[in-house]
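Trainee: Sequence first, then the predicted structure:
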Amino acid sequence: MKKTIKHFLRIFLGSWSSRNTYAKDKAWFKENEQLQHLNQLDFGKENVNDKNAPIFIFSAGWRSGSTLLQRLILSSEDILMWGEPFDKVNIVESMSASLIPFSEKWPQEDRYFNEKDNTNLSNQWVASLYPSNQALKQSHRHFFDTLFDYSAADGTKKRWGVKEVRWGKREALYLKWLYPNAKFIFLVRNPYNAYQSFKAFEDSWYAKWPKGRVYNAYTFTKHWNRLVSDFFNVCQDVSGIFVKYEDIISKEKGSLDKINNYLNINIDENILNKKIGSSVKKENPLLWVEKLIIRYITKNNFNKLY
């Protein structure tokens, strides 16, 4: 009878061993999905001569001044700042997620290609045969170097950067892992004002296409709050700086000097007087229920910032 029950359960639930493995894998994913373990693993030695220092703008969602900050940095003229490139593809998010499974126990050592014993491979167990971790990291780096690095027609090489409104802690740690000298600016705006500006567009935007739809006060503010929490959590780990949109446009608190000194550039302040793009949209006042939603979701992070 006991054996029959066991076989019956296995039909629907799988074996005890498979369920146990699944539980461990889920626990591992939950603990390490932000990639805080990445620097503890062996992916080969760092290139001590690597001088590449791309600039990454992490904005807490839309309508937070990320395009303005992008234009300010572009005014330095020796920098090319890409703007949310191929946003539906979620390139950085997907490639960073691919590294979550790596640990000291996986992959097992015997999975890797052994250069010292590379003869008669047809007579060896090769069902699982992996290139080195070092090759994997180099391929990740080479992908972004190829995609984003830019040289002008006269051969002048520009420093490059990327601004995004979707990246959080995992993406920051991943990019720092790839580019140890990278610069990170974490940009935030008052969520009430940011949502009021967003609301004027009456459209669906995506935190992650096509399922991560952002279309109302709740989804917009959840996205804002998750990112700001991540920014607080990771800023120091990547030697980044926090910048508020309100400080940039006020010109009163030395925020532009802070950015100039951090990036070693010279921003043209006149850019602040030139409005370009969709800012002309008419913004409607927030409803009381929208204010209530924003207050409830962002209370802790809002109090830290404003």
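Mentor: Thanks, I have the structure now.

Trainee: Give the full set of residues in contact with the residue nearest to Ala194 when sequence neighbours are not counted.
Mentor: Closest residue to Ala194 apart from its sequence neighbours, by Cβ to Cβ, 6 or more residues apart in numbering: Arg63 at 4.7 Å. For glycine as for every other residue, the C-beta is placed from the backbone atoms N, C-alpha and C. If a contact means Cβ atoms under 8 Å, 6 or more residues apart in numbering, then Arg63 has Arg189, Asn193, Ala194, Tyr195, Ser197, Phe198 as its contacts.

Trainee: Dihedrals phi and psi, the fourth one?
Mentor: By that I understand Tyr195. The phi and psi torsions at Tyr195 (degrees, to the nearest 10) take the values phi -70, psi -40.

Trainee: Do I have it right that it meets Ala217?
Mentor: Yes: Tyr195 is within contact range of Ala217, at 5.9 Å (criterion: Cβ atoms under 8 Å).

Trainee: Looking only at neighbour counts, state which of those two leads.
Mentor: Neighbour totals were compared for Tyr195 and Ala217, and Tyr195 leads with 26 against 22 (other Cβ atoms under 10 Å).

Trainee: before we move on, the earlier item: can you redo the contacts of Arg63 as TSV, where the extra columns are pLDDT, distance to Lys163 and secondary structure?
Mentor: Shown next, in TSV, are the contacts of Arg63 (pLDDT from 0 to 100; distance: Cβ to Cβ, whole Å; DSSP: H, G, I helix; E, B strand; the rest coil):
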residue	pLDDT	distance to Lys163	secondary structure
Arg189	98	14	coil
Asn193	96	19	helix
Ala194	97	15	helix
Tyr195	96	20	helix
Ser197	94	17	helix
Phe198	94	17	helix
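
Trainee: Filter those down to the buried ones.
Mentor: Arg189, Ala194, Tyr195, Ser197, Phe198 (16 or more other Cβ atoms under 10 Å).

Trainee: quick revisit: separation between the residue nearest to Ala194 and Ala97?
Mentor: For Arg63, the distance to Ala97 (Cβ to Cβ, to the nearest Å) stands at 26 Å.

Trainee: just Leu68 next, same as before
Mentor: With Cβ to Cβ as the criterion, Leu68 and Ala97 are 30 Å apart.

Trainee: same check, this time on Pro210
Mentor: 17 Å.

Trainee: And the two? Which one has more around it.
Mentor: Ala97 (15 against 8).

Trainee: OK, contacts around that one?
Mentor: Glu33, Arg170.

Trainee: Could you rerun that using 10 Å?
Mentor: For Ala97, the contact set (Cβ atoms under 10 Å, 6 or more residues apart in numbering) comprises Glu33, Leu35, Asn90, Arg170, Glu171, Tyr174.

Trainee: you'd agree the fifth one is up against Glu93?
Mentor: Yes: A contact is recorded between Glu171 and Glu93 when judged using Cβ atoms under 10 Å, the distance being 6.2 Å.

Trainee: residues shared between the contacts of those two?
Mentor: Glu164.

Trainee: These two - which one has more neighbours?
Mentor: Glu171 (23 against 17).

Trainee: can you give me the helices for the stretch 201-306 of the chain?
Mentor: 217-234, 245-250, 255-263, 288-305 (DSSP state H, counting those that start in this stretch).

Trainee: could these go into CSV alongside mean pLDDT and distance to Ser204?
Mentor: Output for the helices of the stretch 201-306 of the chain, formatted as CSV (pLDDT from 0 to 100; distance: least, Cβ to Cβ, whole Å):
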stretch, mean pLDDT, distance to Ser204
helix 217-234, 97, 9
helix 245-250, 92, 23
helix 255-263, 93, 32
helix 288-305, 96, 17
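
Trainee: winner for burial among those helices?
Mentor: Neighbour counts (mean count of other Cβ atoms under 10 Å) averaged over each of the helices of the stretch 201-306 of the chain peak at helix 217-234, with a mean of 21.

Trainee: Could you tell me the angle between that one and helix 288-305?
Mentor: 10 degrees (axes from the mean of the first three to the mean of the last three Cα atoms, to 10 degrees).

Trainee: Now do helix 217-234: distance to the chain's middle.
Mentor: Distance of helix 217-234 from the chain centroid (Cα atoms, centre = their mean, to the nearest Å) equals 13 Å.

Trainee: ok, which stretches of the chain are strands?
Mentor: Ranges of strands in the chain, per DSSP state E, are 55-59, 79-83, 150-151, 157-164, 183-188, 205-208, 212-214, 241-244.

Trainee: Any idea which of those strands gets closest to Trp288?
Mentor: Across the strands of the chain, Trp288 has its closest neighbour in strand 212-214 (21.2 Å, Cβ to Cβ).
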